[in-house]
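Engineer: give me a model of this one.
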Amino acid sequence: MLNRRTFVLGTLALPSAALIAQPAFAAKPPVFATDGIAINGFDPVAYFTDSAPVKGDMAFQSDWEGAKMLFASAENKAMFDADPEKFGPKYGGYCAFAVSKGATAPTDPEAWTVHEDRLYLNFSVDVRSVWKKDIPGNVKKADANWPGVLA
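Structural biologist: Residues are numbered from 1 along each chain as shown. Model prediction:
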């Protein structure tokens, strides 16, 4: 028979057991990807060569920090593979403005900026307009926060 004391002690023990059973939260991956594909499938090299976002092709892909990077052509893939640091988006493709604020956010491939030969992506075109008001200052803040925002 269950008495009041057993019931109270039993319910107090449940939250502790539940906390122990909870999985640990893992850090965010170093590259923002949707279904394992970075930049929503857009070619990072095209931002430099075409000055525009260009959809990549599954036929031309490379692994980048655990995510698939897609390219519009074999030439763009070769350029990326030769220098992923140059062509890969800063902050793993997370929103550069969010990183400057100490957070992460997804990105829209249409909200991009190439600044001092680096690709920066933003959450939206509206956020990009705020980002552009002080790119050097925002980069400095984001660099200070990266990669700590992934923890």
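
Engineer: mind listing the helices for the protein?
Structural biologist: Under the criterion DSSP state H, the chain contains helices at 4-21, 46-49, 74-82, 84-87, 96-100, 125-131, 135-145.

Engineer: what mean pLDDT does the fourth one have?
Structural biologist: Yep, that's helix 84-87 we're talking about. Helix 84-87 shows a mean pLDDT of 97.

Engineer: look up how far Ala46 lies from the nearest residue to Pro89 once chain neighbours are set aside.
Structural biologist: Sequence neighbours aside, Leu119 is the residue nearest to Pro89 in space, at 4.5 Å (criterion: Cβ to Cβ, 6 or more residues apart in numbering). From N, CA and C alone the C-beta is placed, and that goes for glycine too. Distance, Leu119 to Ala46, by Cβ to Cβ, to the nearest Å: 10 Å.

Engineer: before we move on, back to that, pLDDT score for the residue nearest to Pro89?
Structural biologist: At Leu119, pLDDT is 98.

Engineer: over to Ala144?
Structural biologist: 98.

Engineer: do you know how far it is from Cys95?
Structural biologist: 16 Å.

Engineer: out of these two, which sits in the more crowded spot?
Structural biologist: Comparing Ala144 with Cys95 by other Cβ atoms under 10 Å, the one with more neighbours is Cys95, at 26 against 11.

Engineer: surely the more buried one is in contact with Asp126?
Structural biologist: No - look at Cys95 against Asp126 with Cβ atoms under 8 Å: they stay out of range, at 11.7 Å.

Engineer: residue nearest the centroid of this protein?
Structural biologist: Central residue of the chain (Cα atoms, centre = their mean): Phe32, 2.6 Å from the mean position.

Engineer: thought it was touching Asp108?
Structural biologist: No - counting by Cβ under 8 Å, Phe32 stays clear of Asp108, with 11.2 Å between them.

Engineer: picking up where we left off before, beta-bridge partners for the residue nearest to Pro89, please?
Structural biologist: With DSSP bridges as the criterion, Leu119 is bridged to Val114.

Engineer: check contacts around the spatially closest residue to Phe80 that is not a sequence neighbour.
Structural biologist: In space, and not counting its chain neighbours, Phe80 is closest to Phe87: 4.7 Å by Cβ to Cβ, 6+ apart. Phe87 makes contacts with Pro44, Val45, Phe48, Met79, Phe80, Leu119, as judged by Cβ atoms under 8 Å, 6 or more residues apart in numbering.
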